[in-house]
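**Student:** Give me the fold of what follows.
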Amino acid sequence: MYKFSTTSTTKAVQNITNADEKKLIKEKQCSFALVDKYHGKVHFQVPVNENIVPVKDKDINTYWAWVEFGNTWRAIPASLMNGYVEFTCDRMKSFGIIYGPKMMENVVQPSGTTISTSNEGRLVLQFDKGSVDKEQSLKYSIQRPDQEYAKHSLNFKTLVASVSDKIRLNYEKSQFKKPMHLSGTLSCDEDQGSDFEEFDIKVVGYQDEKPIILDTIAERVTAGRFTGKVDGYDGAALVAIKRGKEENENFTETLKNELDLFYGNRKVCKVLLFYHGKDNTTLYFKTECCLQRNSDDIIAKHKNHKLIFESGDILLPPHQRIRIRPTGCLGLKPGIKSHPFLFFMYVTMENNTLFSVELNRGMGRSTNAIMEFSADNQRRGEIAKADFSLDFL
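**Tutor:** Have a look, this model is predicted:
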């Protein structure tokens, strides 16, 4: 649940607990105004959903709260504090949390400079002596690969098997006389590991957001870590390409699409729910999570089964587990304690699951059937909800 605290004139932090000072606070809805006795700054804290807000990447990201006051919206700087996103606010109608790559800055010296782009040193820039004639500013931001997608990428029948962090650069290219050395660790399944001996390690340069395989040699530094040279590009990354795949006639387009997936560019999807039948009080359903562009074809393929629900457009990462929670007049079958799950994987068309639920129209229960689809085991991760009557089935 959300929390409030205030810093008083004595600088001591006080928790605000008087219920009269908070109004309409729910899981996905919050509207409140605090009385004027709190003269210090009032801090509003939102529990972190790590499936949405990556806490581990806070050293390379910046966070904001998008808050509605009356009929206007304001962007307020936020920070991560003890499992909460925190920002100052004493009244609101609604809000959202947004985050993105943090713009960082270092100075490159004529004597040479080494820049570690994060606390863990996952991506390091090295500038040789004589790269610049005088001190030059280098601004950059970092994008981490999606860990769930990267964990499974070595086993996919795709072009790109693994990537390093991606760096975006903002600098005066004409002032840099030598290439920069890029050293990075490639993502992989930590349980299995990889020496990447079966892959070609390449340096990718970005120009106007388009990736280009550079004609430069990437050398192995240690297990899973490689280095290469970059000169005159807006961004760069190291990638492991499956050997023999470079002959693909759609290589350039495929490369861009797959790198977009690694770096968290979400896909527009839909959740579909089909009714398959009934046996006494047991109801059978099939649900699919598909790319928006494929939804019409999938619906046509299931013409013998009634389409109960089609969600609106949903933005999902390339690999997502979706929890299905039956409620209303539906519930889990007796003896079943775990909820069914649906898996969405961008690289396959078979993102579906068959499951059964128990009909329960007991006293006090809803007369409608409800299926909640969530991205984690918390209700705050809800991505879609089907609310329907069983009368027309």
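
**Student:** make it CA atoms for all contacts and neighbour counts henceforth
**Tutor:** Will do.

**Student:** and stretch 224-243, average pLDDT?
**Tutor:** Per-residue pLDDT over stretch 224-243 has a mean of 92.

**Student:** Stretch 201-216 too?
**Tutor:** Stretch 201-216 comes out at a mean pLDDT of 91.

**Student:** Thought Gln207 was touching Asp234, still the case?
**Tutor:** Yes: if you go by C-alpha atoms under 8 Å, Asp234 and Gln207 touch, sitting 5.5 Å apart.

**Student:** which of those two has more neighbours?
**Tutor:** Legend: neighbour count by other C-alpha atoms under 10 Å for Asp234 and Gln207, higher for Asp234 (19 against 14).

**Student:** Can you name the secondary structure element that comes next after the longest strand along the chain?
**Tutor:** Longest strand in the chain by number of residues, with DSSP state E as the criterion: strand 267-279. Per DSSP states H and E, the first helix or strand lying C-terminal to strand 267-279 is strand 282-291.

**Student:** Packing partners of that following strand?
**Tutor:** strand 267-279, strand 341-345, strand 352-359 (3 or more C-alpha pairs under 8 Å, 6 or more residues apart in numbering; DSSP states H and E).

**Student:** quick one: that strand to strand 352-359, angle?
**Tutor:** Orientation check (axes from the mean of the first three to the mean of the last three C-alpha atoms, to 10 degrees): strand 282-291 against strand 352-359 gives 150 degrees.

**Student:** Give me the phi and psi for Leu255.
**Tutor:** The phi and psi values for Leu255, taken as degrees, to the nearest 10, are phi -60, psi -50.

**Student:** Use 39 as the first number from now on
**Tutor:** Understood, numbering begins at 39; the last thing we discussed is Leu293.

**Student:** dump the residue contacts of it.
**Tutor:** 197-198, 249 (C-alpha atoms under 8 Å, 6 or more residues apart in numbering).

**Student:** Name all residues that make contact with the closest residue to Arg258 other than its chain neighbours.
**Tutor:** When the adjacent residues along the chain are set aside, Arg258 lies closest to Phe264, with 4.4 Å between them (C-alpha to C-alpha, 6 or more residues apart in numbering). By C-alpha under 8 Å, 6+ apart, Phe264 lies in contact with 221-224, 239, 256-258, 276.

**Student:** Show me the beta-bridge partners of Phe264.
**Tutor:** Counting by DSSP bridges, Phe264 forms beta bridges with Gly222, Arg258.

**Student:** could you check the distance from it over to Val241?
**Tutor:** For Phe264, the distance to Val241 equals 10 Å [C-alpha to C-alpha, to the nearest Å].

**Student:** now Glu420
**Tutor:** Glu420 sits 39 Å away from Val241, going by C-alpha to C-alpha.

**Student:** sorry, back to before: which parts of the longest strand of the chain are buried?
**Tutor:** 305, 307-314 (16 or more other C-alpha atoms under 10 Å).

**Student:** which one of the contacts of Leu293 is nearest Lys341?
**Tutor:** Leu197 (34.5 Å; C-alpha to C-alpha).

**Student:** Give me the below-cutoff pLDDT ranges for the chain.
**Tutor:** 39-79, 89-90, 186, 189-194, 226-233, 283-287, 303, 385, 400-404, 414-419 (pLDDT under 70).

**Student:** Mind putting the buried residues of strand 305-317 into CSV with distance to Tyr187?
**Tutor:** Shown next, in CSV, are these (distance: C-alpha to C-alpha, whole Å):
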residue, distance to Tyr187
Lys305, 13
Cys307, 16
Lys308, 19
Val309, 20
Leu310, 23
Leu311, 25
Phe312, 28
Tyr313, 31
His314, 31
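
**Student:** quick one: the strands in the stretch 189-338 of the chain?
**Tutor:** All strands of the stretch 189-338 of the chain, identified by DSSP state E, counting those that start in this stretch, fall at 198-201, 204-208, 218-223, 237-245, 248-251, 257-260, 263-268, 273-280, 305-317, 320-329.

**Student:** closest one to Leu297 among these?
**Tutor:** So among those, strand 198-201 is nearest, using C-alpha to C-alpha, at 7.6 Å.

**Student:** From the contacts of Phe264, keep the buried residues only.
**Tutor:** Buried members of the contacts of Phe264, scored by 16+ other C-alpha under 10 Å, are 221-224, 239, 256, 258, 276.
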